[in-house]
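Asks: sequence-free structure coming up:
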């Protein structure tokens, strides 16, 4: 009874919208968007808009399942009643895999923000090591950055991106114009349909990744049946508008090779548009957003695996709470520790942020697709189950989302597909071994939904 009273419904429409924005906008999102515009010019609006529609169609499945099965380990709990424990555990591990690929990118961006603009001359990789230690300390102690502060920083970032983009497109920027308007040409010469599919659709998809993180908070949202279906589309529209306007301004003022040569293209574009004023404004916002995004990820993702460990889906060690601070410290060490192999690779072999982003997006879109399959199966298997929210026009959004997701999955570059398949093979192998030899449960037998609800 006490636990139920602590879960108060305090999030209205605007706080829910702000959390969607705050969970999505990050340094790696800014990098992915600007790289997309560097590759395709104004033509990146096409894959960006298509990605917004695809992600919305796929996220509707999350909304229905979140209200039907509100669990902290969301994706795993949605999949087990539909496809069984092995697929459920595999999908639950996708959050960890995505962070393993995106964590190094966020660390790169943080490092370059400090080494290129604040403490010039200091090697960029020094700063991620410092901040990783700070994140571990804060999360061990259970010290979180205030949600209000994090959301305020995200809002500031949105406002700065919009203002810089609007003034840039309007011709009020102080930089030198290299193109009279952003649509000349709309798509660079020599770029074909396959280039768009292979090179930019994954970048477009990645720009909206993270919206599903709002779904575990359904028990704290006022009237979630009405709030979620309004807040998520509005957040998608906001993100699209911000980056479309800022990206078009970048096309007008910054050469593509300059954008692709840096890990902080949003900073370079802001500086080109408005000199020192643009640099300082974007630097402050970008530092705040990158720091709070990484700290939030370091705090929230370990709790998914803590939740899975408490019911036997993950090694019990990761369900252990620190006796004094009541934090899942083994899970925190796991999540942050696994980002460092790719981070070290980036230091000695060379930075490849675009490739890491594309692999993460490829794996993530597969998770989104499987969640939509889960919804279709559970609709047929449990037609009378209580569903506080039902996807409108079902199954049209799921069919549209799955069709386009399949196209993206199949036509991504071969290097990305091979890396993604390798990741999925590792997840599947671990899930089979864990389910068969440790849980001693059927591998693919769906878990009764009553068991899921009671757990």
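Replies: Here it is on my side, so go on. In this text the structure is predicted, and so the values were computed from the model without any measurement.

Asks: What residues of stretch 328-345 count as buried?
Replies: 328, 329, 330, 331, 332, 334, 335, 336, 339, 340, 342, 343 (16 or more other CB atoms under 10 Å). The C-beta positions use only the backbone N, C-alpha and C, and glycine is treated the same way.

Asks: surely residue 245 meets residue 169?
Replies: Yes. Counting by CB atoms under 8 Å, residue 245 does reach residue 169; the two are 6.5 Å apart.

Asks: Can you pull the phi and psi angles for the nearest residue to residue 387 once chain neighbours are set aside?
Replies: The shortest distance from residue 387 to any non-neighbouring residue, by CB to CB, 6 or more residues apart in numbering, is to residue 68 (5.3 Å). Backbone torsions of residue 68, given as degrees, to the nearest 10, read phi -90, psi -40.

Asks: Distance of residue 306 relative to residue 326?
Replies: 11 Å (CB to CB, to the nearest Å).

Asks: With residue 308 instead?
Replies: 18 Å.

Asks: right, and residue 27 touches residue 109 too?
Replies: Yes. Counting by CB under 8 Å, residue 27 touches residue 109, with 3.7 Å between them.

Asks: Overlap of the contact sets of the two?
Replies: With contacts defined as CB atoms under 8 Å, 6 or more residues apart in numbering, the residues adjacent to both residue 27 and residue 109 are 264, 286, 290.

Asks: Quick one: which of these has the lowest pLDDT value?
Replies: Among the shared contacts of residue 27 and residue 109, residue 290 carries the weakest pLDDT, at 76.

Asks: would you say residue 120 is within a helix?
Replies: No. Per DSSP: H, G, I helix; E, B strand; the rest coil, residue 120 lies outside any helix segment and is coil.

Asks: Just the pLDDT for it.
Replies: 85.

Asks: Number of residues surrounding it?
Replies: The burial count assigned to residue 120 is 8, neighbours taken as other CB atoms under 10 Å.

Asks: Just list the residues touching it, thanks.
Replies: No residues are in contact with residue 120 under the rule CB under 8 Å, 6+ apart.

Asks: and the gap between residue 11 and residue 215?
Replies: 12 Å.

Asks: Between those two, tell me which one has more neighbours.
Replies: More crowded of residue 11 and residue 215, by other CB under 10 Å: residue 215, with 25 against 22.

Asks: Against residue 64, how distant is that one?
Replies: For residue 215, the distance to residue 64 - CB to CB - is 10 Å.

Asks: Could you do residue 80 as well?
Replies: From residue 80 to residue 64 the distance is 16 Å (CB to CB).

Asks: quick one: which of these two has more around it?
Replies: Neighbours were tallied for residue 80 and for residue 64 using other CB under 10 Å; the higher tally belongs to residue 80 (28 against 25).

Asks: So between residue 308 and residue 326, which is more surrounded?
Replies: Per other CB under 10 Å, whichever of residue 308 and residue 326 has more neighbours is residue 308, with 24 against 9.

Asks: Next, that one: phi, psi?
Replies: phi -70, psi -40.

Asks: how about it, what does it touch?
Replies: Counted by CB under 8 Å, 6+ apart, residue 308 has contacts 73, 76, 89, 92, 314, 318.

Asks: Let's have these in a markdown table, adding secondary structure, pLDDT and neighbour count.
Replies: Compiled in a markdown table, these are given as follows (DSSP: H, G, I helix; E, B strand; the rest coil; pLDDT from 0 to 100; neighbours: other CB atoms under 10 Å):
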| residue | secondary structure | pLDDT | neighbour count |
| --- | --- | --- | --- |
| 73 | coil | 55 | 25 |
| 76 | helix | 83 | 28 |
| 89 | helix | 92 | 24 |
| 92 | helix | 87 | 26 |
| 314 | coil | 88 | 26 |
| 318 | helix | 86 | 21 |
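
Asks: Pick the one among the residues you listed closest to residue 98.
Replies: Nearest to residue 98 among the contacts of residue 308, counting by CB to CB, is residue 92 at 11.9 Å.

Asks: So which bits of stretch 205-222 are buried?
Replies: Quick answer for stretch 205-222 (16+ other CB under 10 Å): 205-218, 220-221.

Asks: And residue 49, how far from residue 82?
Replies: Counting by CB to CB, the gap from residue 49 to residue 82 is 30 Å.

Asks: Compare neighbour counts for these two and give me the winner.
Replies: A side-by-side neighbour count of residue 49 and residue 82, using other CB under 10 Å, places residue 82 first with 24 against 13.

Asks: Residue 417 belongs to a strand, doesn't it?
Replies: No. Secondary structure assignment places residue 417 outside any strand; it is helix (three-state DSSP).

Asks: Which single one of the contacts of residue 308 is nearest to residue 31?
Replies: residue 92 (27.0 Å).

Asks: Could you pull up the residues touching that closest one?
Replies: 73, 75, 76, 79, 304, 308, 313, 314.

Asks: swap in residue 32?
Replies: 203, 206, 207, 354, 357.

Asks: Check residue 358 too.
Replies: The contact partners of residue 358, taken as CB under 8 Å, 6+ apart, are 202, 203, 206, 412, 413, 416.

Asks: Tell me the confidence at it?
Replies: 87.

Asks: buried stuff in the helix or strand where it lies?
Replies: Assigned by DSSP states H and E, residue 358 belongs to helix 353-381. By neighbour count with 16+ other CB under 10 Å, helix 353-381 contains the buried residues 353-354, 356-376, 378-379.

Asks: Stretch 438-448 too?
Replies: 439, 446, 447.

Asks: Would you map the helices across the stretch 251-400 of the chain?
Replies: Remark: helices assigned in the stretch 251-400 of the chain by DSSP state H, counting those that start in this stretch are 256-260, 265-310, 329-337, 340-348, 353-381, 396-411.

Asks: Any buried residues in stretch 154-166, and which?
Replies: 154, 157, 158, 160, 161, 162, 164, 165.

Asks: How about residues contacting that stretch?
Replies: Contacts for stretch 154-166 (CB under 8 Å, 6+ apart): 18, 21-22, 25, 173, 238, 241-243, 245-249, 266, 269-270, 273-274, 278, 281-282, 284-286, 288-289, 292.

Asks: Report the distance from it to the chain centre.
Replies: In terms of CA atoms, centre = their mean, to the nearest Å, the centre of stretch 154-166 is found 20 Å from the chain centre.

Asks: Equivalent analysis for stretch 171-180, please.
Replies: That offset, for stretch 171-180, works out to 32 Å (CA atoms, centre = their mean).

Asks: now stretch 258-276
Replies: Distance, centroid of stretch 258-276 to centroid of chain: 23 Å (CA atoms, centre = their mean).

Asks: about what we covered before: compare the helices of the stretch 251-400 of the chain and report which one is nearest to residue 231.
Replies: helix 396-411 (16.7 Å).

Asks: Give me the helices and strands touching that closest one, please.
Replies: Applying 3 or more CB pairs under 8 Å, 6 or more residues apart in numbering; DSSP states H and E, one finds that helix 396-411 contacts helix 45-68, helix 201-206, helix 353-381.

Asks: ok so, going back, give me the lowest-pLDDT entry from the buried residues of stretch 205-222.
Replies: Minimum confidence in the buried residues of stretch 205-222 sits at residue 216, scoring 65.
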